[in-house]
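*Asks:* Provide a 3D model corresponding to the input given below.
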Amino acid sequence: MTSQNTGNYRFPEGFLWGAATAAYQIEGSSMADGAGASIWDRFSHTPGMMLNGDTGDVACDHYNRWREDIELMTRLNLQAYRFSVSWSRVMPEGRGAINQKGLDFYDRLVDGLLEKGIEPLCTLYHWDLPAALDDRGGWLNPDIADWFADYGQVLFEKFKGRVKTWGTINEPWVIVDGGYLHGALAPGHKSAFEAMIAGHNVLRAHGAAVKRFREVVPKELGGKIGIVLNIEPKYSASDKPEDEAARKRAEAQMNRWFLDPLMGRGYPAELKDVYGEAYREFPQEDFDLIAQPTDWMGLNWYTRSVPENAPDAWPVRARPVKQIQHAHTETGWEVYPPALTDTLVWLHEQTNGLPLMVTENGSAWYDPPHAIDGRIHDPMRVEYLKNHLKALHDAIGKGVDIRGYMAWSLLDNLEWSLGYSKRFGITHVNFLTQERTIKDSGLLYAEVIKTHGEVLNTL
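*Replies:* Got it, this is the predicted structure:
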């Protein structure tokens, strides 16, 4: 499949334009006002785990500058803001007592957004597990499904009627692959056996939270709940049978591991081939919980992969082939917009037409360290944004039900273990002064929103 240029890029009425962030990446003050530590507080303060020894202690200081950031959103014409809640800020031990000051922060944020006509999209979990729960086994403890549902209930009851769109968990695959399989992200484990268990419990926690949401939020309030997956389409490196088998393994391990059970199909058969003796069977009642019907699904999309067979590449036995004919971002990701169209069409088919939202899409490039004549010129990000919005529109033209687009990210921020070395923001942040400057990409995005996409017809 390839995307086709339609020539008219006006988006459907009601399409929701916004930007996204994550709590640990922007908030700072992570243990202020009675909050507890998260696994990222621990991980970032462990020598050798973070590039340049960076931490999220200050980040973008959003905890103190949220009013300024909402004003920034209005200048960008945002209609929605996707943010995540720090579990340990609200429940320092991850269970039991609520930290009212932490909950009040999000209460003020939601009210501030609504006052400006910006719809809040709340993600319950974006990787920052309370450290106290990690001490109890974290995602390896089957009790975490109930802990997560209890935490979700606190937020559902607090914000029902004000927050209409909820996401349970952001990118389960990254939580497991980075945190339990390869150790590059918190909590830093390296075990295929743990990865299978953690992945299953992440899915169970999602299902438990959806079930609790249905119990707590009355239908007449119109709330919607879903999950956010990162899907990276896999294109075979050649027509050799071994490369096609490698593609299927890579697709199963990254995309279908979480998508298939959510849709009631259980785990893909190829997952046994990937994990071998680490693969586990689980009871059907778990899969019944995981497959709770949802109202929407979020797609975080950045690039594609072209894997080839690689027997020495653990555990998937597949290695991406670098596509030298295309540009690559600062993170080494290939720029190939047609793959976004392909992914959305594929996801539409795989979910039986479930409403979709692009909940993250963006790129890291080298940006000037400070504004020049009041401007931050980022021509590569401008091109990336322009071409991916066109690819998104192409998917709508192919019949995909896409409800909105959240640019990643509102702000330059802490790029997890890469620290502050990679800038994804449509707004530049001077981390010494905390000054915000809308980049050229942000100015373009504001015009896209203002014209409902029609400015893309001229670009």
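
*Asks:* now the residue most central in space within the chain, nearest residue through space, not along the chain?
*Replies:* Centroid-nearest residue in the chain: Asn170, 4.7 Å away (criterion: Cα atoms, centre = their mean). Distances taken as Cβ to Cβ, 6 or more residues apart in numbering place His126 nearest to Asn170, at 4.3 Å, with adjacent residues excluded. Placement of C-beta: from N, CA and C, glycine included.

*Asks:* residue contacts, the one you found?
*Replies:* Taking Cβ atoms under 8 Å, 6 or more residues apart in numbering, we find His126 in contact with 22-24, 84, 170.

*Asks:* Which members of those occur in helices, if any?
*Replies:* The helices, defined by DSSP state H, take in 23-24 from the contacts of His126.

*Asks:* Show me which pair in the contacts of His126 is furthest apart.
*Replies:* The two members of the contacts of His126 with the most space between them (Cβ to Cβ) are Tyr24 and Asn170, at 11.4 Å.

*Asks:* Quick check: neighbours shared by the two?
*Replies:* Common neighbours of Tyr24 and Asn170, counting by Cβ under 8 Å, 6+ apart, are 126-127.

*Asks:* quick one: Phe11 and Leu456 touch, right?
*Replies:* No - with contact defined as Cβ atoms under 8 Å, Phe11 does not reach Leu456; the gap is 9.2 Å.

*Asks:* Just the element for the nearest residue in space to Ser29 that is not next to it in sequence, please.
*Replies:* Of all residues not flanking Ser29 in the chain, Tyr63 sits nearest, at 4.0 Å (Cβ to Cβ, 6+ apart). Taking DSSP states H and E as the criterion, Tyr63 maps to helix 62-75.

*Asks:* per-residue pLDDT, the residue nearest to Ser29?
*Replies:* On the pLDDT scale, Tyr63 is placed at 98.

*Asks:* what sits against it?
*Replies:* Counting by Cβ under 8 Å, 6+ apart, Tyr63 touches 27-29, 32, 105.

*Asks:* 6 Å instead, please
*Replies:* 27-29 (Cβ atoms under 6 Å, 6 or more residues apart in numbering).

*Asks:* Which residues belonging to stretch 425-435 are considered buried?
*Replies:* Neighbour-count burial for stretch 425-435 flags 425-429, 431, 434 (criterion: 16 or more other Cβ atoms under 10 Å).

*Asks:* first to last residue in it, what's the distance?
*Replies:* Terminal residues of stretch 425-435 lie 13 Å apart, using Cα to Cα, to the nearest Å.

*Asks:* quick one: contacts of it?
*Replies:* Against stretch 425-435 from outside (Cβ under 6 Å, 6+ apart): 60-61, 370, 376, 407, 409, 411-412, 420, 436-439, 441-442, 445.

*Asks:* Give me the distance from it to the chain's centre.
*Replies:* Taking Cα atoms, centre = their mean, to the nearest Å, one finds stretch 425-435 lying 21 Å from the centre of the chain it belongs to.

*Asks:* Among the contacts of Tyr63, the buried ones, what's the ChimeraX command?
*Replies:* Filtering the contacts of Tyr63 down to the buried ones (16+ other Cβ under 10 Å) takes a single ChimeraX command:
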select :27,28,29
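
*Asks:* From the contacts of Tyr63, which land in strands?
*Replies:* Per DSSP state E, strands hold no members of the contacts of Tyr63.

*Asks:* before we move on, back to that, quick one: buried residues of the helix holding Tyr63?
*Replies:* 62-63, 65-66, 69-70, 72-73.

*Asks:* With stretch 34-46 instead?
*Replies:* 35-41, 43-44.

*Asks:* Tell me the one of those nearest Gly137?
*Replies:* Using Cβ to Cβ, these come closest to Gly137 at Ile39, 12.2 Å.
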